[in-house]
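Undergrad: Okay, predicted coordinates and the sequence, questions at the end:
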Amino acid sequence: MAEQIEAKHVKKGNYIMVEGNPSIANSNDISRPGKHGHAKCRITATGLIDNKKRVLIAPGELKIDTINIDKRSGQIVSIGDKIIQLMDIATYEMVDTIKAEDFKGDLSEGTNVEYWVMNDKKVIKANAKEK
């Protein structure tokens, strides 16, 4: 299970879930209203998979899920329309992944790449390295 932090404690660079998408926080603007009011947070984040900007407005006490990112290496076995199948170099298990929108590099079968496992999503993020 992912850890949760309060919205008022999110800092730039934290990996969080926004609208069900893994994202990196860009800013957190906190308004502090009067004597009996509660703080409101405006968190701006960028999606790690689709690179879209997302804004979350929430009370400061709202619990937000954080993301644990596991960076692994794999070798491309097959390339489909949307799914790329990898073999994990450490465990030799087959993994279905997608390519991140901001990925730069050529993908071909037999190429070694770095992929990220974020909660239940797997995505190729790092530039391809020739074998």
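TA: Received the coordinates, thanks. Numbers count the residues shown, from 1 in each chain.

Undergrad: quick one: strands adjacent to the least confident helix or strand in the chain by mean pLDDT?
TA: Of all helical and strand segments in the chain, the minimum by mean pLDDT, DSSP states H and E falls on strand 121-124, at a mean of 83. Strand partners for strand 121-124, identified by DSSP bridges, are recorded as strand 94-99 (parallel), strand 112-118 (antiparallel).

Undergrad: Pull the distance from the shortest one to the chain's centre.
TA: If I follow you right, that is strand 94-99. The chain centre lies 15 Å from the centre of strand 94-99; the measure is Cα atoms, centre = their mean, to the nearest Å.

Undergrad: Buried residues in it, which are they?
TA: Within strand 94-99, the residues that count as buried by 16 or more other Cβ atoms under 10 Å are Val95, Thr97, Ile98, Lys99. (Each C-beta comes from the backbone N, C-alpha and C, glycine too.)

Undergrad: and this protein, what are its domains?
TA: Following automatic domain parsing, the chain resolves into domains at 4-65, 69-124.

Undergrad: Confidence-wise, which of the ones you listed is weakest overall?
TA: Ranked by mean pLDDT, the domains of the chain end with domain 69-124 in last place, scoring a mean of 85.
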